[in-house]
Structures are given as C-alpha cells and as structure tokens.
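*Asks:* The following block contains a protein sequence and its predicted model.
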Amino acid sequence: MTEIAPTSVTQVEDARYLAVKARDARFDGSFFTGVTSTGIYCRPVCSVRVPRRENCRFFDLAAQAEHAGFRPCLRCRPELAPQALIWSNQDASGILLQQALRMLDAPENWADAEGGAVIDWLASRLGVTDRHVRRIFSTALGISPLQYLQTRRLLAAKQLLTDTTLPITQVALASGFRSVRGFNAAFLQHYSLKPSQLRKDGGESSGGDAVQSHVIRLGWRPPYDVQAMLGFLSTRTIASLEQVEAALPKGLPGMRRTLRMGDGANAAKGWFDVRFDEPSTRLLLVVSDSLLPVLPALIARIRAMFDLDADLGVIDGVLTPFFHAGEGMRVPGAADGFELAVRAVLGQQITVAAARTLAQRLVQNFGEPIATPWPELSRLFPTADALTAASSDELGSLGIVRQRQQAIKAIAAAVAKGKLRLQPGEDPERTMAALRELPGIGDWTAQYIAMRALRWPDAFPAGDVALQSALGIARGASAARDALAASQVWRPWRSYAVIRTWAGLARR
C-alpha cells in the first residue's frame, strides 16, 4: 500500500484528507474515505464536493469501509480503483497475508472459496491452521477473509452491472456466486439496492453485443510510461496473435490480441482491445462477447498484464537513487502464463527478434484459428495439450533445437496435468523451484517467468549478462553471485530495477 510519511494516526489521516482535497490520483486505491453524513465511501479522486474533515473516516481497503457500514459511491465507483498491494520485507504472518489476499483477488478462486469454506480453503492452500488464518486477518485488517472476498465479488459484479448488459444470472455466476438468489440477497444486504437498479436503462438485456457497446474502465496511479510499456510489448509481438499500436497520429495508443481463458471444452476463446487514456489515467477495455462469461477473470488478467496496480510512489522511493530515468516504468506482464513460459524458453540465448520468429512459427503450426474483426489477428496461442502431443520432428522443423523442445514439452505436460500453475498469486519460490526441476529450465528462465507471469516484484535473473554489465560486474565464475549481492539494495522491487536496466541499455 502507499505509505504516507507522517507516523501518528492523526497525521496520516490529515495527510489523506489533503490528498482528497487535491483529488490526487497518486493515492487512488491506496485508501478510501467513508463519509459519515452520507454513509458512502469514495476514492480520493472522487469529483463530489469535498466533505468536512470531521465527517471523514479513512480505510486502507474497500472491504474495511463496507464492514464499517459504508456503501460504495456510484459516481467515483471504487471498483475502478487500482488495488493496494502490500510488498515489503515482512515477518511470516505478513507474507502469509500477502499470499492470502492475492488468492482472494483471483476471480478463478471465487467459486471455490465461497461462503464459510473460504477459511478452510485458504488454510489448506497456505499450509496453516484455520485459526491462524483468522488471526492474521483480524490482527492486520480487522476483517475476516469472507468479508474481504465478499467485497471483491460484489464490486466486480457492480462493475459488470454498470458497464455491460450481461444478464444478471451471468453476472452472478461470473462473480463467483452459485445462485442468483444468493447474489441478490448479498447485493441488497450490502448496498441496499437490487442488482437491476444499477442498469442504466433500469433493466437488463437478454443478449446482443454486450461489451462492444460498452467500455470497461480500469484505473491506474500515475505516473505511467505508456510508450515504454507498449514499446517492450511491440518488440515481442507475434504476428496473427497480437497487434501493438504505440504511437498514433489519431486515437489512443494500445494493443489488441486473441486469448483463450480456461482449458478443454469449457475454454472461452476471443479477443480484447485495450487503449490508454492517459489524461484520465484509465485503461479502456473492449472484449468479444465470447469472453463475457469470464470477464472478472479477464479484468484481473489485464490489470496484471499492464501492471495497473503498481504504486510507483513507493517503488521510486527505493529505485530513483540508482536510475536517472525510469519514472513511470512498469513491469510488463503476460496475457497467459503458459504462453509466456514457452516464449521465455524460445528466447533462451538468442535475440528477441529470433525468438519472435520461432514463436510465430509455433503459433502458425499449432495455434487454433479464430475469427476476429481484424484479419491480422487470426490465431490463438497453442494449448498445453497441443504442445505436449507435438513430435520432435514437428518442433524441429520450425528451427527449435532439441534442448528447447524438451523444455517446452516438459512445461506443457506439467501445466496440462495441473502440476504447475503460472499465474499471479502463486508462491514464487515454490514455482521457480518446480520450474528449475524441468529439463532445460535454468534460473534465468525461472526468474523471468516469475517476474512476468507470477507478477513477483522481486525477481532477479542474476545470470543475465546485460544486468551484470550494467552493474559493472566482470564476466566470470562469480558474476551471478556478485550481481545477486549488488541487487540487494533494490529489494523488494528488483523486477522494476531489471526493466529499467534493460531499458537503459536499449537507449544506449
């Protein structure tokens, strides 16, 4: 979360009130303001008249505001705010809390963790007792895991109800509720509203081009170096899979691509288009109808892919003394963790351009065709099952050497069997250890996957020759160890230091 310099509670709240008066977007999502005279809680950027100081209560999380009896503002819409992430050197309980929150933030987990089972589910995933889970939430946040989860699901549903015409039944299911009755009851209890009351026309649509007529808005905290993000993605663009439009004479910069969400026959396949509205500090998202049933999960993936939840104020406080440039630079994520892992293997010890060529051949030969509004986007990335079944002769004919064939097939088999989960929220150390056990996967590849697919902010591929050179470390047997030691001053934001270092080398 964003840290404000003063230490006493009164000083912190006074500083937050100043941020509310200034409508300072740098604090968006870092805290919420409950207004006792209205019973509403707002983002710091809310455009309504600033409430009196004595009527304000401040909360770190939306769930805390709702637990205190406040309802979300319908104007500033707390569901659009960037998430407040806690990444710092902490004790064991703090680390467990981080992992628990990341798990509860993932829409893929919402149905599994519904109702009273959420604590047991978290305890089993974290390897601790249910009593310990309750204790760390109560001590650190003052709310239960179920209260946190319920707020996350209700705010996700609120966004779908407001920004799409997706039928209410599908909104309930997409938000992790097992029944419309339970969804309606929770919505009425928390917000004193029926779900249908959030529809702009007062009702719901039964079909049609739901999201194409609506734009999903996703906020970020400034600064954001949009050109650096799109430039990084542009140099790695795979033809027929994605398009990046970094600099346009008219319109907003952004990218579009195809995507598969889920596995097997139930997978959702489609496309998305994102545009950066820099003056409004918002990402504008449009998706195909086919991805509507998984929209909350897609929104979470987009937020991770473009690092919308990063708090650059905190990160720059650590890194600015070491970098002359890099303000607003974020860590590019991945549309799909398995895809990123395969592309990382293809890029081992060759240039970015050569890796892109190999990836394009892989997509053309093993990717499933898909229809989109753009003829240039016509393929999905190959599935784990497809690459597991691919023969050595087929892969070899694409120019992929045998060692990388083995690595790709090993990753594909582990993902297909559910032994390897490459998504945000997974334990980075455990996942990297599992990756390093696979043939052809070394520490550089594991760290790179952790940085981009797992969204671990402290990844550091110490064996990277460019990083060693930038750190002034001579090549030799101890170079990686020396680079690792030198990188300690960048913790816990070494992933951001890596991106800034690479960008600096590219500029030179």
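*Replies:* Yep, it's here. Numbering: from 1, shown residues only.
*Asks:* what's the spacing between the spatially most central residue of the chain and W456?
*Replies:* The centre of the chain sits closest to A304, judged by CA atoms, centre = their mean, with a distance of 1.8 Å. In this view, A304 and W456 are 11 Å apart by CB to CB, to the nearest Å. All C-beta spots, glycine's among them, are computed from the backbone N, C-alpha and C.
*Asks:* And the pLDDT at the residue nearest to the centre of the chain?
*Replies:* Listed pLDDT for A304 reads 95.
*Asks:* in which helix or strand would I find it?
*Replies:* helix 295-305 (DSSP states H and E).
*Asks:* Which SSE is immediately downstream of that helix?
*Replies:* Immediately after helix 295-305, counting by DSSP H and E, sits helix 312-319.
*Asks:* downstream neighbour of that next one in the secondary structure list?
*Replies:* Assignment by DSSP H and E places the next element after helix 312-319 at helix 337-346.
*Asks:* Check what contacts that following helix and list those residues.
*Replies:* 236, 334, 355, 358-359, 362, 381-382, 384, 387, 400, 404, 407-408, 411-412, 415, 421-423, 435, 440-441, 445, 448-449, 452-454 (CB atoms under 8 Å, 6 or more residues apart in numbering).
*Asks:* Now go through the residues you listed and say which are in strands.
*Replies:* Among the contacts of helix 337-346, no residue falls in strands (DSSP state E).
*Asks:* Point out where this structure drops to low pLDDT.
*Replies:* 1-7, 85-90, 112-116, 200-213, 506-508 (pLDDT under 70).
*Asks:* remind me, longest strand of it?
*Replies:* Max-length strand for the chain by DSSP E is strand 268-277.
*Asks:* Counting neighbours, which bits of that strand end up buried?
*Replies:* By neighbour count on 16 or more other CB atoms under 10 Å, the buried set for strand 268-277 is A268, K269, G270, W271, F272, D273, V274, R275, F276.
*Asks:* From those, pick the one nearest D289.
*Replies:* Comparing the buried residues of strand 268-277 against D289 with CB to CB picks out G270 as the nearest, at 7.4 Å.
*Asks:* need the contact list for A123.
*Replies:* Contacts for A123 (CB under 8 Å, 6+ apart) come out as T129, D130, H132, V133.
*Asks:* Among these, which one is most surrounded by other residues?
*Replies:* Counting neighbours by other CB atoms under 10 Å, V133 comes out on top of the contacts of A123 with 24 neighbours.
*Asks:* A helix includes it, no?
*Replies:* Yes: according to DSSP: H, G, I helix; E, B strand; the rest coil, V133 belongs to a helix.
*Asks:* Surely it and R125 touch.
*Replies:* No: the criterion here is CB atoms under 8 Å, and V133 misses it with R125 at 9.8 Å.
*Asks:* What ranges does the stretch 51-200 of the chain have for its helices?
*Replies:* Ranges of helices in the stretch 51-200 of the chain, per DSSP state H, counting those that start in this stretch, are 62-67, 92-105, 117-126, 130-140, 145-163, 168-174, 180-191.
*Asks:* Tabulate those (CSV), appending distance to P82.
*Replies:* Below are these laid out as CSV (distance: least, CB to CB, whole Å):
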stretch, distance to P82
helix 62-67, 12
helix 92-105, 12
helix 117-126, 24
helix 130-140, 20
helix 145-163, 13
helix 168-174, 21
helix 180-191, 22
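*Asks:* one step back: which helices and strands does the longest strand of the chain pack with?
*Replies:* Here strand 268-277 touches strand 254-261, strand 282-287, helix 295-305, going by 3 or more CB pairs under 8 Å, 6 or more residues apart in numbering; DSSP states H and E.
*Asks:* Nearest to L198, out of the ones you listed?
*Replies:* Short answer: helix 295-305, nearest of the helices and strands packed on strand 268-277 by CB to CB, at 15.3 Å.
*Asks:* the domain parsing of this protein - what is it?
*Replies:* 9-57+71-79, 92-198, 216-321 (automatic domain parsing).
*Asks:* returning to that earlier point: contacting residues for the residue nearest to the centre of the chain?
*Replies:* A304 makes contact with G333, A334, P424, R455, according to CB under 8 Å, 6+ apart.
*Asks:* out of those residues, which is most surrounded?
*Replies:* Going by other CB under 10 Å, R455 tops the contacts of A304 with 26 neighbours.
*Asks:* can you pull the contacts of the closest residue in space to it that isn't next to it in sequence?
*Replies:* Residue nearest to R455 in three dimensions, not counting chain neighbours: P424, with 4.2 Å by CB to CB, 6 or more residues apart in numbering. By CB under 8 Å, 6+ apart, P424 lies in contact with R102, A106, A300, A304, G333, A453, L454, R455.
*Asks:* that older thread, a markdown table for the contacts of A304, including distance to A62?
*Replies:* As requested, these are exported to a markdown table (distance: CB to CB, whole Å):
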| residue | distance to A62 |
| --- | --- |
| G333 | 23 |
| A334 | 27 |
| P424 | 19 |
| R455 | 21 |
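*Asks:* show me where the stretch 401-508 of the chain has helices.
*Replies:* Along the stretch 401-508 of the chain, counting by DSSP H, counting those that start in this stretch, helices occupy 402-416, 428-436, 443-452, 465-470, 479-486, 494-507.
*Asks:* hmm, who's touching the fourth one?
*Replies:* When you say that, I think you mean helix 465-470. Taking CB under 8 Å, 6+ apart as the rule, helix 465-470 contacts 460-462, 475, 479-480, 482-483, 498, 501-502, 504-505.
*Asks:* buried subset of the residues you listed?
*Replies:* F460, P461, A462, A479, A480, D482, A483, V498, T501.
*Asks:* Is the second one in contact with W444, as I believe?
*Replies:* Yes: taking CB under 8 Å as the contact criterion, P461 and W444 are neighbours in contact, 4.4 Å apart.
*Asks:* Looks to me like R217 is in a strand.
*Replies:* Yes: applying three-state DSSP, one finds R217 inside a strand.
*Asks:* For it, give its distance to Q159.
*Replies:* For R217, the distance to Q159 equals 9 Å [CB to CB].
*Asks:* quick one, which of the two is more surrounded?
*Replies:* Q159 (23 against 17).
*Asks:* Quickly note the distance from that one to S47.
*Replies:* To S47, Q159 is 18 Å away according to CB to CB.
*Asks:* ok, now A81?
*Replies:* 14 Å.
*Asks:* what's the closest non-adjacent residue to P428?
*Replies:* W456 (4.1 Å).
*Asks:* Could you pull up the residues touching that neighbour?
*Replies:* With contacts defined as CB under 8 Å, 6+ apart, W456 is in contact with P428, A450, S495.
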